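Participant: next one to model:
(one chain, ligands or ions: 1)
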Amino acid sequence: MADQWTCPYCNRPCTIGGNDVRTMSGYNSISQEYGYYISTVTVIVCPNPDCRQHAIPLRIQKTNEQGRLYGKTLYSWNLMPESEAKPFPAYIPKALLEDYREACLTKKLSPKASATLSRRCLQGMIRDFWSIKKNKLVDAINDLQHKVDTTTWDAIDSVRKVGNIGAHLEKDVNLMIEVDPEEASLLIWLIETLLTDWYINRYEKEKRMKQLVEVAEQKTNQKKEIPRATSGENQ
Ligand SMILES: [Zn+2]
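Facilitator: Residues are numbered from 1 along each chain as shown. The predicted model follows:
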């Protein structure tokens, strides 16, 4: 059966099925008291010919005596890739991508380590992209208000209003703060949105503008060449 799936390596939405997906299940009971469990390991090979990476999720669920599933998934892990970090292009500064990837990797194990990395990444982005060199993140965000569009500013502002992130924004970005996993996820989401809206959009826009200039130059050259060719024929 074919399913829709987005590859965690190349980020391309694809239809998977057939030889690209294999599922291995193990079903057993702990005891009569604790009941039956089923573990499922799925191996998915990305159908994109330029990628072909392996994604391997593992899931543990409860079943009844007949092996029929009930209730929701008890535990799930991504064996491969370990991190839920999305792929971002290499023209984004390496230090920012490292902080972002480590924030994703530590999200479940240590939301406070993850949030600390995300805050540092956010400050690094504001410093690099907008050349705002304020020591406190809250001051940097305030300076940003008149540089970005209202929607972006509202998104950043709403994240900073959330619980402990907001309460500790004034402090040094390297200071560990207590946050819950949802707050850590919200910060990661903000980083992903800004990496796309700032770095990728700027790159794509510059690429399109360069193409436009090239096309315009070609047209100008063609115009210049036409009379020359005509005069050549007349000689
Ligand atoms: Zn892929």
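
Participant: now the strands for this protein?
Facilitator: Listed in chain order, the strands of the chain (DSSP state E) span 3-6, 13-16, 21-31, 35-45, 54-63, 75-80.

Participant: sheet partners, orientation included, of the second one?
Facilitator: Meaning strand 13-16. Using DSSP bridges, the strands paired with strand 13-16 in its sheet are strand 3-6 (antiparallel).

Participant: pipe the strands of the chain into CSV and attach mean neighbour count, distance to the ion and mean pLDDT per row.
Facilitator: The way it works is simple: take the backbone N, C-alpha and C, and place the C-beta from them, glycine included. As requested, the strands of the chain are arranged in CSV below (neighbours: other C-beta atoms under 10 Å; distance: least, C-beta to the ion, whole Å; pLDDT from 0 to 100):
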stretch, mean neighbour count, distance to the ion, mean pLDDT
strand 3-6, 12, 9, 90
strand 13-16, 14, 7, 92
strand 21-31, 11, 13, 83
strand 35-45, 16, 9, 90
strand 54-63, 16, 8, 91
strand 75-80, 12, 12, 89
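
Participant: which parts of this protein sit against the ion?
Facilitator: Within reach of the ion by C-beta under 5 Å from the ion, the chain has these residues: 7, 9-10, 46, 48, 51.

Participant: so T42 is in contact with S76, correct?
Facilitator: No. Using C-beta atoms under 8 Å, T42 is not in contact with S76, being 10.7 Å away.

Participant: show me how the chain divides into domains.
Facilitator: 1-82, 84-235 (automatic domain parsing).

Participant: which of the ones you listed sits most buried?
Facilitator: Per-stretch averages of neighbours, counted by mean count of other C-beta atoms under 10 Å, single out domain 84-235 among the domains of the chain, with a mean of 15.

Participant: how far off centre is it?
Facilitator: Distance of domain 84-235 from the chain centroid (C-alpha atoms, centre = their mean, to the nearest Å) equals 12 Å.

Participant: re earlier: tell me which two in the residues of the chain next to the ion are the farthest apart.
Facilitator: Of all pairs drawn from the residues of the chain next to the ion, the one with the longest distance (C-beta to C-beta) is Y9 and N48, at 8.7 Å.

Participant: quick one: the helices in this protein, in order.
Facilitator: All helices of the chain, identified by DSSP state H, fall at 94-105, 111-130, 137-144, 150-160, 163-167, 181-194, 201-234.

Participant: could you report the pLDDT at the spatially closest residue to R160 that is not a sequence neighbour?
Facilitator: Using C-beta to C-beta, 6 or more residues apart in numbering and skipping residues adjacent in sequence, the residue nearest R160 is G166, 4.9 Å away. G166 carries a pLDDT score of 71 in this model.

Participant: G166 contacts I156, correct?
Facilitator: No. Checked against C-beta under 8 Å, the pair G166 and I156 is beyond contact range at 11.2 Å.

Participant: give me the mean pLDDT for stretch 142-153.
Facilitator: Mean pLDDT, stretch 142-153: 90.

Participant: just the CA trace of it, in CSV.
Facilitator: Taking Å, rounded to 0.1, in the frame of the first residue of the first chain, the C-alpha atoms of stretch 142-153 are listed here in CSV:
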residue,chain,number,x,y,z
ASN,A,142,13.4,44.9,20.4
ASP,A,143,15.8,46.3,17.8
LEU,A,144,14.4,43.9,15.2
GLN,A,145,10.9,45.2,15.5
HIS,A,146,11.3,47.9,12.8
LYS,A,147,13.3,45.8,10.5
VAL,A,148,11.0,42.8,10.0
ASP,A,149,7.4,42.5,8.8
THR,A,150,4.6,42.5,11.3
THR,A,151,3.8,38.8,10.9
THR,A,152,7.4,37.8,11.7
TRP,A,153,7.6,40.2,14.6
